[in-house]
Every structure is written in structure tokens, then in C-alpha cells.
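Enquirer: Please work out how this folds:
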Amino acid sequence: EGSPVLSWPLDPSNNRITALFNDPDYPFRNLFEHSGLDIAAPVGSEVRSPAPGYVAWTRVGRLYGNYMMVIHQGGVATLYAHLSSFEAAADQFIPRGGVIARTGGCRGCPGAGLSTGPHLHFEVRKNGIPTNPLQYVIKP
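Expert: A predicted model of the protein is given here:
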């Protein structure tokens, strides 16, 4: 089965990308490559599933803060990090456009992890390997 075409995960007005996939200007590049897109968004913005899928898990970590993964068709999974809250739970089916979380990322806020400001970190993984989300997503 082919890879899905992904919708933008935020309201179309939240379309300012502040860091690209493998961005050479990424401020933490000396620690690790940037494995997704950073999209500026006010804290509490709705994060929507870009395609139908199932929530694989929700987790809390030191770098990503609150983060979650959704599994889609064609070996594609999406990951969302620096979340202020989860709006969906593991094993839940989510339709395209269904609200799965709310953005966070403000420095020192709960769930922010390693973050310099309010945004959504959005990854697309193909067969487990991070790939450039712009190859899959319809940018508004």
C-alpha cells in the first residue's frame, strides 16, 4: 500500500516553520540532527492527525517532553513533541483532522522538554526512519 498524503497538523494559519528537517542552523545540532519540522504555534493550539491512524503511545521524556506517535498506512508514522496535553490515548483510532494533542514548548512549561519557545515538533517516519515531512505533507 502506498504512503498517505498528510494534511497539515495545525490550523493553516500556524504554518511558520522555524526549523527544517536536518536543518544546518538547528541550535542543538551539535547534540543531534533535527529529525522533523518545528512549527511555531501558540501554547494550547490544537494538533490534528494528518491522516487516519491509531495512536501507538503517549510518553514523557527529557528531550521531547510530552510526545506521542500515530501509526498510519503504508509504513508511515507521525510523531509530535513538546505537547502541553494529550487529547487522545494509546490504541485510539483517530480520523484525519481529529484532535490528538495541544501544543506546548514554552521554556520551563510542563511537557516542554528541550525547547526554546512555543512550537510543535512534527516528524514523519517511514518504516521507522525519520524522513522529511515536506515530502508527505500538503503545506498550507
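Enquirer: show me the contacts for the residue nearest to residue 43 when sequence neighbours are not counted.
Expert: Among residues not flanking residue 43 along the chain, residue 118 sits closest, at 4.9 Å (C-beta to C-beta, 6 or more residues apart in numbering). Yep, even glycine has a C-beta here, placed from its N, CA and C like the rest. Counting by C-beta atoms under 8 Å, 6 or more residues apart in numbering, residue 118 makes contact with 40-43, 103-106.
Enquirer: Against residue 38, how distant is residue 118?
Expert: According to C-beta to C-beta, to the nearest Å, residue 118 and residue 38 sit 10 Å apart.
Enquirer: Kindly report the same for residue 120.
Expert: 7 Å.
Enquirer: likewise residue 128?
Expert: Using C-beta to C-beta, residue 128 is found at 21 Å from residue 38.
Enquirer: The two: which is more packed in?
Expert: Using other C-beta atoms under 10 Å, the more surrounded residue of residue 128 and residue 38 is residue 38, with 24 against 7.
Enquirer: That one is in what secondary structure piece?
Expert: strand 37-40 (DSSP states H and E).
Enquirer: in that strand, what's buried?
Expert: Neighbour-count burial for strand 37-40, counted by 16 or more other C-beta atoms under 10 Å, picks out 37-40.
Enquirer: just stretch 7-16 next, same as before
Expert: Buried-residue list, stretch 7-16, by 16+ other C-beta under 10 Å: 7-10, 14.
Enquirer: wouldn't residue 79 be in contact with residue 68 here?
Expert: Yes. Using C-beta atoms under 8 Å, residue 79 is in contact with residue 68, at 7.2 Å.
Enquirer: of those two, who's got more company?
Expert: Counted by other C-beta under 10 Å, residue 79 and residue 68 do not tie: residue 68 has more neighbours, with 23 against 20.
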